[in-house]
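Enquirer: Predicted coordinates and the sequence they were generated for:
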Amino acid sequence: MGQAGPVNHSALTPFGEILSDRKMEVLLLITQGATNHEIAEQLVITKGTVKSHINHILGKLDAHNRTEAVSSEAFLLMSSSEHFGLYQSVFVENILAR
């Protein structure tokens, strides 16, 4: 499989202004139960960067922890969006291309 080009995930979801592309990737991994260490390895970033992204995600979604983040109204709206499935498919395709 060839290397996938950069994808503007913001164009795939009307909620792109809420979370950056990278934060959406982190949030998707959180929904899959990934630990900070696993997220860092998967996205090739440091655990400190993962923690920073998670703190920003929690703030943007007005959540206090991961569980609240994935059950927040904003996340539920994003995940019910017709574009979210496309976003998730593109994310998985990019991960598999690495």
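Expert: Structure received. From a predicted model like this one, the values you see are computed outputs, not experimental measurements. Numbers count the residues shown, from 1 in each chain.

Enquirer: Could you point out which residue ranges in the chain have low pLDDT?
Expert: Within the chain, the ranges that satisfy pLDDT under 70 run 1-17, 73-98.

Enquirer: could you redo the last one with a cut-off of 90?
Expert: Counting by pLDDT under 90, the chain contains low-confidence residues at 1-21, 24-25, 28, 31-32, 60-62, 68-98.

Enquirer: Which secondary structure state is assigned to residue 45?
Expert: What DSSP: H, G, I helix; E, B strand; the rest coil gives for residue 45 is coil.

Enquirer: count of neighbours near it?
Expert: The local packing of residue 45 (other C-beta atoms under 10 Å) involves 16 other residues. The way it works is simple: take the backbone N, C-alpha and C, and place the C-beta from them, glycine included.

Enquirer: what's the distance between it and residue 70?
Expert: Counting by C-beta to C-beta, to the nearest Å, the separation of residue 45 from residue 70 is 20 Å.

Enquirer: Could you do residue 52 as well?
Expert: From residue 52 to residue 70 the distance is 18 Å (C-beta to C-beta).

Enquirer: and these two? which has more neighbours close in?
Expert: Neighbour count, other C-beta under 10 Å: between residue 52 and residue 70, residue 70 has more, with 17 against 14.

Enquirer: which SSE is that one in?
Expert: Following DSSP states H and E, one finds residue 70 within helix 66-71.

Enquirer: list the helices and strands that helix packs on?
Expert: helix 21-31, helix 47-60 (3 or more C-beta pairs under 8 Å, 6 or more residues apart in numbering; DSSP states H and E).
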